[in-house]
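J.: need a structure here:
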Amino acid sequence: MDRSSDGIWETHRAAHYSYVVLKIALSPRSLAFLTVSLIIAALFVVLSMWQLSSSDQAAVVADPDKDTVKPLTEVIKPGEVVTPAAADHTVEISGAYDPGSTVVIPGRLHDGVDGYWVVSELVVQDSAGLWDTADGPMSVPVARGWIGSSDQVPAAPSEPVTVAGRLLPPESPLINEDLPEGQLPSLSPAQLTNVWDAPLYSGYVAAAAEVPAAEEMPVTQQGTLAPEASVLSDELFDLDIDQQPTDTSLNMLNLFYALEWIVFAGFAVFLWWRFVRDEYLRRQDPQKYFYLEGDYFWDEEEQSFYYWDERDQSYYYFDDQPAARSTSDAVPAAENRTHPEHGASHERTHP
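T.: The predicted structure follows:
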C-alpha cells in the first residue's frame, strides 16, 4: 500500500512539474525570451559557418595563375634561385636541344611503374648576354618524359622547338652510385652544368608539351595548356606533374572561433531554459526569491503561489499576473482554495 501511494505521488509530482513548466514556457514573456534567444543563436551559427569557411579558404591548395603559360623570363631570370613563388609555374621556352646531352634519371614512377626520366639540355633561343657571368647562351634542363627502359631512350628532336611545362626547383646532387654511363642519380642543374659544360638556369622544366618552333603552343582561352598538348616523342609518356600545394592546413584560429560561436549559440538557448527553470523555482518557493512583508498562499487549481497587494488591493501570482479572483467577495473558502504559508491563514476578509 505504501509503495502504491508513493508511486501515485511520484506520478502526480511529475505531472505537476510538467504542467507548471509547460505553462511557464508558453507564457508571453517566456516565448518572447525564446524568440530572442533563437534569433541570437541563429546569428551565432551563421558566424560559426563564416569562420569555418574562412578556415578552409585559408588553405592554399593551388594557384590558378601558375597554370597559365608564361615565358620563362617572366618567371625567373638567369642566376636566380627558384623560389616557392616561382616554382610550379607553367613556362614556355623556345630553343634547340643539344643532340648529345640526353641523360636518364632512374627510380622515377609512372602510374606505379618504376622507370626513368629522359632529360636533355635545351639551349634557350636569344639568351646570350642575359647573365653577365655566363660565357654563352643559357640552357635549361628539360625532363622530356618517362620511359620504362633505359635501352629505349629516343633522341631529342633535332629541329628547334618550343617547350611548355612546370618549372621545378632543383634536386639535391647525389653521388654517382656506380650507375651506367648516361645515368645520373638526381636531376640537379648544379651537377648537370658540369656534365654538359654549359650555364644553366637554377631549376628544371618537366615538359608537358612540345611543338616545332614555327608552330603555336596549343593553349585554351584561359591561357592554360590545351588537353591535347603533348611531347613530340611518341615513345615517351608525358610528365603530368601538378602544383605542389603551399598550404593545405586549416587555420586553427578560425576553427577555434567557429567552435566558440557554436558554444555561444547553445548558451543563448541555455539562458532561456534557465529563465523557465528559475520561474518554476520562484513559483514553488517564493520566500527564496521574493521579499514580502505579508503572507502568500497556494492556489491548487492554478498550481501557483499568490499574494495580496495592499497598494492595488488585489491578489497577484508571483509572475505579476492578476489572480483570477481579485476581490474579497470572490475569494473562495480557505479549505478549498488556499494553503497558508509561514503560518499565515487565508481566513480573512478583504481589507
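
J.: which strand of the protein spans the most residues?
T.: If you go by DSSP state E, the chain has its longest strand at strand 113-124.

J.: Please, where are all the helices along the stretch 1-150 of the chain?
T.: Ranges of helices in the stretch 1-150 of the chain, per DSSP state H, counting those that start in this stretch, are 2-25, 28-57, 72-75.

J.: contact partners of stretch 72-83?
T.: 86, 89, 91-93, 124, 127, 130-131, 133-134, 138, 140, 167-170, 199, 201-203, 205 (Cβ atoms under 8 Å, 6 or more residues apart in numbering). C-beta coordinates here come from the backbone N, C-alpha and C atoms, glycine included.

J.: go on, stretch 150-162?
T.: 92-99, 101-102, 104, 106, 116, 118, 120, 122, 125, 144, 147, 180, 182-183, 210-213, 215, 217, 232-233, 235-236.

J.: out of the helices of the stretch 1-150 of the chain, which comes closest to R274?
T.: helix 28-57 (10.1 Å; Cβ to Cβ).

J.: mind listing what's buried in stretch 114-132?
T.: For stretch 114-132, the neighbour count (16 or more other Cβ atoms under 10 Å) marks 115-125, 127, 130-131 as buried.

J.: Just the mean pLDDT for that stretch, thanks.
T.: Per-region confidence: stretch 114-132 scores 93 on mean pLDDT.

J.: Grab the CA positions of it and hand them over as CSV.
T.: What follows is stretch 114-132, C-alpha atoms only, in CSV (Å, rounded to 0.1, in the frame of the first residue of the first chain):
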residue,chain,number,x,y,z
ASP,A,114,59.4,2.2,-61.9
GLY,A,115,61.2,3.7,-64.8
TYR,A,116,63.3,6.7,-66.0
TRP,A,117,63.0,10.3,-66.7
VAL,A,118,64.7,11.4,-70.0
VAL,A,119,66.5,14.7,-69.6
SER,A,120,68.0,16.8,-72.3
GLU,A,121,69.7,20.2,-72.5
LEU,A,122,67.6,22.9,-74.2
VAL,A,123,69.7,25.8,-75.4
VAL,A,124,67.4,28.8,-74.9
GLN,A,125,66.9,30.9,-78.0
ASP,A,126,68.3,34.5,-77.9
SER,A,127,69.7,34.0,-74.3
ALA,A,128,73.3,35.1,-74.9
GLY,A,129,74.1,38.0,-72.7
LEU,A,130,71.2,37.5,-70.3
TRP,A,131,73.6,36.6,-67.5
ASP,A,132,76.8,38.5,-67.2
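
J.: Check the offset of it from the chain's centre.
T.: 41 Å (Cα atoms, centre = their mean, to the nearest Å).

J.: for stretch 163-175, same thing?
T.: Its chain's average C-alpha position is 32 Å from that of stretch 163-175, according to Cα atoms, centre = their mean.

J.: now swap in stretch 35-55 and tell me
T.: Worked out by Cα atoms, centre = their mean, stretch 35-55 lies 16 Å from the chain centre.

J.: Contacts made by that stretch with the rest, please.
T.: Residues outside stretch 35-55 that contact it (Cβ under 8 Å, 6+ apart) are 250-255, 257-262, 264-266, 268-269, 271-272.
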